[in-house]
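> Fold the stuff below for me.
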Amino acid sequence: MEMNKETLEKMSRMRLQGMYYAFKTSLESLHKESMTIDQFISWLILSEWDDRQNRNIQRALRLANFRHKASVEEIDFSRERGLDRNQVQRLAELGFIQEHKDLFITGSTGTGKSYLVSAIGYQACQKGYKVLYANTSRLMGALKAAKAKGTILNELKRIERMDLLILDDFGLQPFDATARMNLLDVIEDRYGKKSTIVASQIPVKDWHDVIR
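Down below sits the predicted model:
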């Protein structure tokens with residue numbers, strides 16, 4: 001019908017993608033006939049809601065820039081890994097983000113630190129949190145370049161807005177004076193307000209020697 005065609009066109013122009021495909025599907029099947037008007041409207045709205053949520057999650061995942069596509073469900077809890085399943089599952093509930101607490105994960109090369117922090121980050125994106133994953137030395141290099149261009153404040157503000165910042169491979173590269181100052185600015189902006197995960201091969205007790 002001409003009216004349905006116009007309705008689909010208006011939905012498309014209004015960028016109601018979820019509603020558009022749900023309504024189009026209903027026209028091509030008998031799905032609409034099995035529902036009351038109230039149920040049909042509810043179904044259209046739910047379709048739009050789900051579509052927007054999915055697009056938001058995909059956008060958040062792109063912006064987070066994870067190294068690994070990871071999930072909590074696929075974490076290897078074999079004995080040699082030494083991971084506490086209950087502890088990881090508690091972290092995956094993301095209460096530490098709600099409480100603006102930080103998380104430090106240390107271990108030798110090959111223990112899966114990057115995958116673990118990525119899995120927690122993925123979980124956070126799926127729950128609607130803004131996440132940024134970064135190799136620490138690359139992030140410090142990017143901030144150094146931003147300082148030279150005069151855009152450092154914008155970059156620091158962008159990082160500050162993240163609900164969760166993941167600093168991976170912390171301490172693998174030495175910190176020069178500029179990197180130390182930039183790291184201090186990042187931590188100071190976030191402390192007590194937003195959460196940060198730091199993953200490192202270096203034990204926490206030795207971080208002072210790495211940074212100074």
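
> mind checking the SS state of the residue nearest to residue 56 when sequence neighbours are not counted?
Among residues not flanking residue 56 along the chain, residue 128 sits closest, at 7.1 Å (Cβ to Cβ, 6 or more residues apart in numbering). For the C-beta atoms, the positions are set from N, CA and C on the backbone; glycine is no exception. Recorded secondary structure, residue 128: coil (DSSP: H, G, I helix; E, B strand; the rest coil).

> How is the chain partitioned into domains?
Domain assignment for the chain by automatic domain parsing gives 2-63, 72-211.

> buried set for stretch 127-141?
127, 129-137, 139-140 (16 or more other Cβ atoms under 10 Å).

> before we move on, what about stretch 197-207?
In stretch 197-207, counting by 16+ other Cβ under 10 Å, buried: 197-200, 207.

> residue boundaries of the strands in the protein?
103-106, 131-135, 164-168, 195-200 (DSSP state E).

> what's the offset of the shortest one from the middle of its chain?
For strand 103-106, the gap between its own C-alpha mean and the chain's C-alpha mean amounts to 17 Å (Cα atoms, centre = their mean, to the nearest Å).

> helices or strands next to it in the packing?
helix 113-126, strand 195-200 (3 or more Cβ pairs under 8 Å, 6 or more residues apart in numbering; DSSP states H and E).

> repeat for the longest one
With contacts defined as 3+ Cβ pairs under 8 Å, 6+ apart, strand 195-200 has these neighbours: strand 103-106, helix 113-126, strand 164-168.

> the inter-axis angle of the second one versus strand 195-200?
The reference is to helix 113-126. Here helix 113-126 runs at an angle of 160 degrees relative to strand 195-200 (axes from the mean of the first three to the mean of the last three Cα atoms, to 10 degrees).

> How much space separates residue 44 from residue 20?
9 Å (Cβ to Cβ, to the nearest Å).

> Kindly present the buried residues of stretch 197-207 as CSV, with separate columns for pLDDT.
CSV is the format used below for these (pLDDT from 0 to 100):
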residue, pLDDT
197, 97
198, 97
199, 96
200, 95
207, 89
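
> The helices and strands packed on strand 103-106: which one's closest to residue 161?
strand 195-200 (12.7 Å; Cβ to Cβ).

> Helices of this structure, residue ranges please.
Counting by DSSP state H, the chain has these helices, from start to end: 2-13, 17-27, 37-64, 85-92, 95-98, 113-126, 136-149, 152-161, 177-190, 207-211.

> For the fourth one, give me every contacting residue.
When contacts are taken as Cβ atoms under 8 Å, 6 or more residues apart in numbering, the neighbours of helix 85-92 outside the stretch itself are 72, 75, 77, 103, 116, 119-120, 123.

> Max pairwise distance over these: which two?
Farthest apart among those - using Cβ to Cβ - are 77 and 103, which lie 18.1 Å from each other.

> winner for burial among the helices of the chain?
For the helices of the chain, the stretch with the most neighbours on average is helix 113-126, a mean of 22; neighbours defined as mean count of other Cβ atoms under 10 Å.
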